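>>> Model the structure of this input:
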Amino acid sequence: MSVQSVLIRLANAFIIEVTKNLGSGEYPSGEDRAGRNYSQIEETIERKNPVVRHGKGEIDIFVGSEQAPYTKMYEFGKEAYDIAPGKNMAFERKYWPQYKPPPPAPLFFVFPQVTHPEFAGRPFIKPVVDDFNPAINKALTRDEVKKLLFGDKPRQEVW
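Sure, this is the predicted structure:
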């Protein structure tokens with residue numbers, strides 16, 4: 001088994017676990033009120049080809065893109081922040097469900113400044129990194145790991 005094939009198998013196992021996390025939580029569907037047609041986070045996962053130099057290899061996995069700009073916020077959270085004055089924000093009355101009935105106002109509320117609330121985040125990558133050993137064990141057998149580490153050289157078992 002080559003280093004490249006092992007890297008691909010491990011990357012695929014990692015992607016499967018991340019995708020499971022995304023499927024089990026409340027993550028954005030990609031649809032938004034402004035009609036920007038963003039993508040779901042799992043649709044942006046991209047595995048590159050492995051690179052092997054001098055017997056050592058690496059493989060890149062990218063998550064998130066301009067098509068899912070909220071990816072980083074969901075993984076790491078975001079502190080409260082002000083949306084700058086001068087960039088007036090307008091929201092349709094129907095998006096303010098806490099006002100029942102909505103106050104008498106035009107069809108839109110206009111705000112000269114808005115403080116966006118803090119978002120604690122819902123990590124979907126870190127849990128996979130923290131618990132990746134079981135996924136490695138599913139992706140590779142013990143004999144495959146030994147062959148990768150030691151090749152065909154005689155060896156003494158250490159585990």
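>>> Could you give the secondary structure assignment for residue 66?
Residue 66 falls in the coil class when you classify it by DSSP: H, G, I helix; E, B strand; the rest coil.
>>> So which elements touch the helix ranked longest in the chain?
Across the chain, the helix with the greatest residue count (assigned by DSSP state H) is helix 3-24. Other helices and strands packing on helix 3-24, by 3 or more CB pairs under 8 Å, 6 or more residues apart in numbering; DSSP states H and E, are strand 46-47, strand 51-53, strand 56-58, strand 61-62, helix 126-130, helix 132-139, helix 142-150. All C-beta atoms are positioned from the backbone trio N, CA, C, and that covers glycine.
>>> again, 6 Å this time
helix 132-139 (3 or more CB pairs under 6 Å, 6 or more residues apart in numbering; DSSP states H and E).
>>> that older thread, please save the CA atoms from the longest helix of the chain in PDB.
The C-alpha coordinates for helix 3-24 follow below in PDB (Å, rounded to 0.1, in the frame of the first residue of the first chain):
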ATOM      1  CA  VAL A   3       1.700   6.500   1.200                       C
ATOM      2  CA  GLN A   4      -0.600   8.200  -1.300                       C
ATOM      3  CA  SER A   5      -3.400   5.600  -1.000                       C
ATOM      4  CA  VAL A   6      -3.100   5.700   2.800                       C
ATOM      5  CA  LEU A   7      -3.400   9.500   2.800                       C
ATOM      6  CA  ILE A   8      -6.400   9.400   0.500                       C
ATOM      7  CA  ARG A   9      -8.100   6.800   2.700                       C
ATOM      8  CA  LEU A  10      -7.500   8.700   5.900                       C
ATOM      9  CA  ALA A  11      -8.600  12.000   4.300                       C
ATOM     10  CA  ASN A  12     -11.800  10.300   3.100                       C
ATOM     11  CA  ALA A  13     -12.400   8.900   6.600                       C
ATOM     12  CA  PHE A  14     -11.900  12.400   8.000                       C
ATOM     13  CA  ILE A  15     -14.300  13.900   5.500                       C
ATOM     14  CA  ILE A  16     -17.000  11.300   6.300                       C
ATOM     15  CA  GLU A  17     -16.800  12.100  10.000                       C
ATOM     16  CA  VAL A  18     -17.000  15.800   9.400                       C
ATOM     17  CA  THR A  19     -19.900  15.300   7.100                       C
ATOM     18  CA  LYS A  20     -21.700  13.200   9.800                       C
ATOM     19  CA  ASN A  21     -21.200  16.000  12.300                       C
ATOM     20  CA  LEU A  22     -22.700  18.500   9.900                       C
ATOM     21  CA  GLY A  23     -25.600  16.200   9.200                       C
ATOM     22  CA  SER A  24     -26.400  15.800  12.900                       C
END
